[in-house]
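Below is the sequence, then the predicted model.
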There are 2 protein chains.
Amino acid sequence: MNKLTKYCYGICFLISIAINILLSIYLGDPVYLEPFWMQNADDTAVMISGWHRMSYDYADNTMMSIELEKHIRKLHSVAGNAVTEGRYIVFGVGSSQLLSAAVYALSSETSSSPSKVLASAPFYSIYKDQTVFFNSKNFRFEGDANSWESNDFTNNMDVVEFVTSPNNPDGELKKSILEGKTIYDHAYYWPEFTPIPGPSDEDLMIFTLSKLTGHAGTRFGWVIIKDKNVYEKVLKDIYLADMGISKDTQLRVLKILKVATQEDGKPFFEFAYNKMRDRWERLTSVFSK
Amino acid sequence: MNKLTKYCYGICFLISIAINILLSIYLGDPVYLEPFWMQNADDTAVMISGWHRMSYDYADNTMMSIELEKHIRKLHSVAGNAVTEGRYIVFGVGSSQLLSAAVYALSSETSSSPSKVLASAPFYSIYKDQTVFFNSKNFRFEGDANSWESNDFTNNMDVVEFVTSPNNPDGELKKSILEGKTIYDHAYYWPEFTPIPGPSDEDLMIFTLSKLTGHAGTRFGWVIIKDKNVYEKVLKDIYLADMGISKDTQLRVLKILKVATQEDGKPFFEFAYNKMRDRWERLTSVFSK
């Protein structure tokens, strides 16, 4: 093996380590917060007896816990990352379920002119995979939003644009490119991942517990919606798809968010931020070598 | 008010009570089993610490608990209601999610000849509502299976037939009417609801915890599938829809099924059967008056 080949191998090795760290930060299981939840094991433990929470609905006939909804609003107020006052909230099985529910809610209802679903590349592959798989007459995935311009859309051909903000993996706080309906995927719009210039006030914003607190296995996400009509469509989608979210899951999320919002969220967000900073420093040091 | 009017009012009142009891047995929240779970509160209690089960997958890289799958197979062996040997199992958010996943998995993949989705009337409204709402190019809801005959289907026009067995509310052990692909909704095919003539061995059979143990709020169902190709399509649907089922839910279901299958299921199924018998006796007594 000559010197150049060795050098190339070395570079490739370092790049692969860097990519792995990057992936573990952004795409992998966010278990880096496990130590925080270990420190708060008592307060976040959930105990469910066999005869608890058996009904489809809560006592107030809702399928979503009002107490949990309150804590989600408190969380956003503490993090300063989203306007929730006067907004509707719907829970989903992870953000995954809400991504497709949002596409259905915003799309055309006439088969003759399906909505164009777009996202600026590179985008989270599930946007495309779901839209293609469910193969609805209401919408069609049309690829990269950058390939289109707003004035391409006339004759009632609606546009639904996915905006991942901050973007994965470059962290850019993206805005929509086209003048259509938007789905803001705010999975990483939390103080540990990005500076928060101010509360987001988009028409439809999706968040997920997986990235915020690391509880990916719990499968919990929520969407904040401005328009009542859109809210009702999303609610109908979730109801038809699976009659709402597990009550056990909702209880667990409530316990977790109670701890995450303690002392105005300071202990939780500081811990998460410091962990992320350490990871970036490791990453930068690998690149600088 | 004359005598005849009073008599009519009396009859209507009794019928409405009877219908309410019938609905509470079949359609309402199945909380009639709550006392059983109170008696087994210790064994069925679930304790989840804040740092447990955070990952998307289990340690073996699956999104479904192998231990839970084993207990589902044991449950069917104890109840004698379904063949599971050599069959595939997929978990869903209630049976609701699996009903639509099954339609997708069994339907045509070409938009030019969508599958006809049918069910013999009267049927569970969600069969229609889901199919209409998701409005896929792959299938179309075509109403009552009784209005069609097998030889209506030629030219590659596939049929997907929902068979609710036992049927709700008459309890009939229905079989498919047409020679198409079938989705057996076996929500009530348990010894407390119907005599079990033998283990069902259909190509695709859906069960739900809601009706079996009464834990509707937990949102857990499963499907037993013969064909590997169909299994992989259902799995893909669940993965794309929401990346699997909450790990907290899976743990809770495991605890519940461990108790339900104790002593070959005798304590659980006897309790459930006796409760159902009492309800039927109340119902019969109302009718006989």
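Here it is on my side, so go on.

Tell me the confidence at the residue nearest to A:E142 when sequence neighbours are not counted?
Nearest residue to A:E142, sequence neighbours excluded (C-beta to C-beta, 6 or more residues apart in numbering or on different chains): A:K116, at 4.3 Å. For glycine as for every other residue, the C-beta is placed from the backbone atoms N, C-alpha and C. A:K116 carries a pLDDT value of 93.

helices or strands up against the helix or strand harbouring A:K116?
For A:K116, the enclosing helix or strand under DSSP states H and E is strand A:115-119. Here strand A:115-119 touches helix A:125-134, strand A:139-144, strand A:159-164, going by 3 or more C-beta pairs under 8 Å, 6 or more residues apart in numbering or on different chains; DSSP states H and E.

Give the stretch among these with the greatest mean number of neighbours.
Ranked by average neighbour count under the criterion mean count of other C-beta atoms under 10 Å in any protein chain shown, the helices and strands packed on strand A:115-119 are headed by strand A:159-164 at a mean of 24.

Okay, now the sheet partners of the next helix or strand after that one, with direction.
Scanning forward in sequence from strand A:159-164 by DSSP H and E, the next helix or strand is strand A:181-185. According to DSSP bridges, the neighbouring strands of strand A:181-185, each with its direction, are strand A:159-164 (parallel), strand A:204-208 (parallel).

Can you check the distance spanned by stretch A:38-56, start to finish?
Distance between the boundary residues of stretch A:38-56 (C-alpha to C-alpha, to the nearest Å) amounts to 32 Å.

quick check: domain ranges of chain A?
According to automatic domain parsing, chain A is divided into the following domains: A:3-32+A:270-288, A:42-266.

nearest to B:F220, of these?
Evaluated with C-beta to C-beta, those place domain A:42-266 nearest to B:F220, the distance being 7.6 Å.

ok, how many other residues are close to A:L173?
Applying the criterion other C-beta atoms under 10 Å in any protein chain shown, we find 15 residues in the vicinity of A:L173.

Is it in contact with A:V163, as I believe?
No. At 9.8 Å, A:L173 does not count as touching A:V163 under the criterion of C-beta atoms under 8 Å.

what's the distance between the residue positioned nearest the centre of chain A and B:S96?
The residue at the geometric middle of chain A, judged as the C-alpha nearest the mean C-alpha position with C-alpha atoms, centre = their mean, is A:A187 (3.0 Å). When C-beta to C-beta, to the nearest Å is the yardstick, A:A187 and B:S96 sit 26 Å from each other.

how about CSV for the strands paired with strand A:181-185, with mean pLDDT added?
As requested, those are arranged in CSV below (pLDDT from 0 to 100):
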stretch, mean pLDDT
strand A:159-164, 95
strand A:204-208, 98
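
okay, these in JSON lines with distance to B:V46 next?
As requested, the strands paired with strand A:181-185 are arranged in JSON lines below (distance: least, C-beta to C-beta, whole Å):
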{"stretch": "strand A:159-164", "distance to B:V46": "35"}
{"stretch": "strand A:204-208", "distance to B:V46": "23"}
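
so which of the ones you listed gets nearest A:G143?
Short answer: strand A:159-164, nearest of the strands paired with strand A:181-185 by C-beta to C-beta, at 11.4 Å.

Hmm, A:A101 and A:I238 touching each other?
Yes. With contact defined as C-beta under 8 Å, A:I238 counts as touching A:A101 (6.0 Å).

which neighbours do those two share?
Common neighbours of A:I238 and A:A101 (criterion: C-beta atoms under 8 Å, 6 or more residues apart in numbering or on different chains): A:90, A:92.

Looking at these two, which is more packed in?
Taking A:I238 and A:A101 together and counting by other C-beta under 10 Å, A:A101 has the greater number of neighbours (25 against 22).

Just to check, the more buried one is in contact with A:V230?
No. Under the criterion of C-beta under 8 Å, A:A101 makes no contact with A:V230, lying 10.2 Å away.

Surely A:P166 is in contact with A:T194?
Yes. Taking contacts as C-beta under 8 Å, A:P166 lies within contact range of A:T194: 4.7 Å.

could I have stretch A:102-116 exported to CSV, CA atoms only?
What follows is the C-alpha trace of stretch A:102-116 in CSV, where atoms were taken according to Å, rounded to 0.1, in the frame of the first residue of the first chain:
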residue,chain,number,x,y,z
ALA,A,102,-51.4,16.6,7.8
VAL,A,103,-51.1,15.8,4.1
TYR,A,104,-54.6,14.4,4.1
ALA,A,105,-56.0,17.4,6.0
LEU,A,106,-54.4,20.0,3.6
SER,A,107,-54.9,18.2,0.3
SER,A,108,-57.5,18.6,-2.3
GLU,A,109,-60.7,16.7,-1.8
THR,A,110,-61.4,16.2,-5.4
SER,A,111,-59.7,13.4,-7.2
SER,A,112,-59.7,15.3,-10.4
SER,A,113,-57.0,17.8,-9.2
PRO,A,114,-54.8,16.1,-6.6
SER,A,115,-52.5,18.3,-4.5
LYS,A,116,-48.8,18.3,-5.3
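
Same question for it: list its buried residues.
Within stretch A:102-116, the residues that count as buried by 16 or more other C-beta atoms under 10 Å in any protein chain shown are A:102-108, A:114-116.

State the pLDDT value of A:S112.
According to the predicted model, the pLDDT of A:S112 comes to 80.

and what of A:A59?
The score at A:A59 is 85. That number is its pLDDT.

contacts for the strand holding A:K116?
Strand A:115-119 is touched from outside by A:103, A:106-108, A:127-128, A:131, A:138-145, A:148, A:153, A:157-164, A:178, A:180-181, with contacts defined as C-beta under 8 Å, 6+ apart.

Give me the neighbour count for A:Y56.
When counting by other C-beta under 10 Å, one arrives at 18 neighbours for A:Y56.

which SS class is it?
In three-state terms, and counting by DSSP: H, G, I helix; E, B strand; the rest coil, A:Y56 is coil.

Next, count neighbours for the residue nearest to it when sequence neighbours are not counted.
When the adjacent residues along the chain are set aside, A:Y56 lies closest to B:A216, with 4.5 Å between them (C-beta to C-beta, 6+ apart). When neighbours are counted by other C-beta under 10 Å, B:A216 registers 24.

Then A:V83?
Using other C-beta under 10 Å as the criterion, A:V83 is surrounded by 16 other residues.

and what of the one 5 residues further on?
Residue crowding around A:Y88 was assessed by other C-beta under 10 Å; the count is 18.

can you check A:R73 too?
Based on other C-beta under 10 Å, the number of other residues close to A:R73 is 16.

Check A:M205 too.
The number of residues near A:M205, taken as other C-beta under 10 Å, comes to 27.

And A:M276, by the same measure?
Neighbour tally, A:M276, other C-beta under 10 Å: 18.

and the helix or strand where it lies, which residues are buried?
For A:M276, the enclosing helix or strand under DSSP H and E is helix A:266-288. For helix A:266-288, a neighbour-count test (16+ other C-beta under 10 Å) marks A:268-269, A:271-272, A:275-276, A:283 as buried.

And the helices in the stretch 1-150 of chain A?
Along the stretch 1-150 of chain A, counting by DSSP state H, counting those that start in this stretch, helices occupy A:3-26, A:34-39, A:41-44, A:66-79, A:94-106, A:125-134.

from what I can see A:I245 touches B:R219, true?
Yes. Proximity of A:I245 to B:R219 meets the contact threshold set by C-beta under 8 Å, at 6.9 Å.

so what's in contact with those two at the same time?
Between them, A:I245 and B:R219 share the neighbouring residues B:V93, with contact defined by C-beta under 8 Å, 6+ apart.

Now do A:L204 against B:D60, distance only.
Shown here: A:L204 relative to B:D60, a distance of 37 Å by C-beta to C-beta.

of these two, who's got more company?
Relative neighbour count places A:L204 above the other of A:L204 and B:D60, with 25 against 8, counting by other C-beta under 10 Å.

Now do the same contact list for the more buried one.
Counting by C-beta under 8 Å, 6+ apart, A:L204 makes contact with A:102, A:105-106, A:181-184, A:223-226, A:230.
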